[in-house]
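S.K.: what's the 3D shape of this:
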Amino acid sequence: MSANDLMVELTKFFKTASHLWGRCPRCGDLFRLSEAAISFNNEPPSDWLRRLQRRQEEAAVEQDELEGWKGELDGREGELTNRERELSFRERNLERTAREMAKGMIKDDKTVKALIADAKRQAVLRSRSTLLGHLFERLAPFFQRFSHDPRDVRAMMNPIDYVVFDGLTVNRRVERIVFVEVKCGTSRESPAQKSIVQAIREGRVSAETWQVGKRGIPLEQQLLAGPSRRAALPPPR
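M.R.: This next block holds a predicted model:
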């Protein structure tokens, strides 16, 4: 038998004996004898071991791709972080610049200066008007146009300025009770003052007398009386 025939026979034997296994002396991986270099085929037989090897190779390739994507994502994330920091820095600088520009405009612009001066002047005028209004409210009972005897006037100021007891000083008898609110300039009645006027117009006005202590006995005597003899203070009625 020639060497070529022997090789052919050995090759046929290895192809039919795929159940025979060997181990690589270097890496220790298992392999079939039919997959050895002596085989005349370019591809080993497609069985479960080959499928497993292909899956391992594909998994390794996918793992490499995933590692590459992860590295790329990490790089982009770092780039985005740097951009966010840069934008935040620019925003702070922009706000600072805007404030400085606004201050410069306030200092240099004649229109802004005029508006500020006018606002200050208006505030002073309003304060002066308020003070004058309070002054006239207190002086009103002494004006000639005031139709009541100033001696009959009692000042409340809040929520109504005055209560007038007409006839109290001259006749020693009150003929009429008048609530007086003094207004100056552009001032108007408050909601509370309007409600007072409405209550008077609708007749929702009454008088009450409260009795403290026992009637007919001086209050000092009731307070100095002993515990056993002290008169009980009845509730107000």
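S.K.: how about the helices in this protein?
M.R.: Taking DSSP state H as the criterion, the chain contains helices spanning 3-16, 48-108, 110-139, 191-201, 219-224.
S.K.: list the buried residues of the last one.
M.R.: When burial is assessed from 16 or more other Cβ atoms under 10 Å, helix 219-224 yields the following buried residues: Q222. Glycine gets a C-beta too; all of them are placed from N, C-alpha and C.
S.K.: can you list the weak-confidence ranges in this structure?
M.R.: Within the chain, the ranges that satisfy pLDDT under 70 run 1-8, 10-11, 13-19, 33-49, 105-113, 115, 124-144, 226-237.
S.K.: tell me the domain boundaries of it?
M.R.: Per automatic domain parsing, the structural domains of the chain span 3-63, 129-201, 208-237.
S.K.: contacting residues for the closest residue in space to Y162 that isn't next to it in sequence?
M.R.: Leaving aside its sequence neighbours, Y162 sits nearest to V180 (Cβ to Cβ, 6 or more residues apart in numbering; 4.2 Å). The neighbourhood of V180, defined by Cβ atoms under 8 Å, 6 or more residues apart in numbering, consists of 140, 148, 153, 160-164.
S.K.: mind giving me the ChimeraX select for those, buried ones only?
M.R.: Selection of the buried residues among those in ChimeraX, burial being defined by 16+ other Cβ under 10 Å:
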select :140,148,153,160,161,162,164
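S.K.: just the terminal-to-terminal distance for stretch 215-223.
M.R.: In stretch 215-223, first residue to last residue: 13 Å (Cα to Cα, to the nearest Å).
S.K.: can you give me the buried ones in stretch 52-64?
M.R.: Here stretch 52-64 shows no buried residue, counting by 16+ other Cβ under 10 Å.
S.K.: CA atoms of that stretch as CSV?
M.R.: Extracted in CSV, the C-alpha atoms of stretch 52-64 (Å, rounded to 0.1, in the frame of the first residue of the first chain):
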residue,chain,number,x,y,z
LEU,A,52,-20.8,25.6,20.8
GLN,A,53,-17.5,27.0,19.6
ARG,A,54,-19.2,29.2,17.1
ARG,A,55,-21.5,30.6,19.8
GLN,A,56,-18.5,31.3,22.0
GLU,A,57,-16.8,33.1,19.1
GLU,A,58,-20.0,35.1,18.4
ALA,A,59,-20.4,35.9,22.1
ALA,A,60,-16.8,37.1,22.3
VAL,A,61,-17.3,39.3,19.2
GLU,A,62,-20.5,40.7,20.8
GLN,A,63,-18.7,41.3,24.1
ASP,A,64,-16.0,43.2,22.3
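S.K.: can you start the count at 45 instead of 1 from here on
M.R.: I'll keep to 45 as the first residue from here, and by that count the last item is stretch 96-108.
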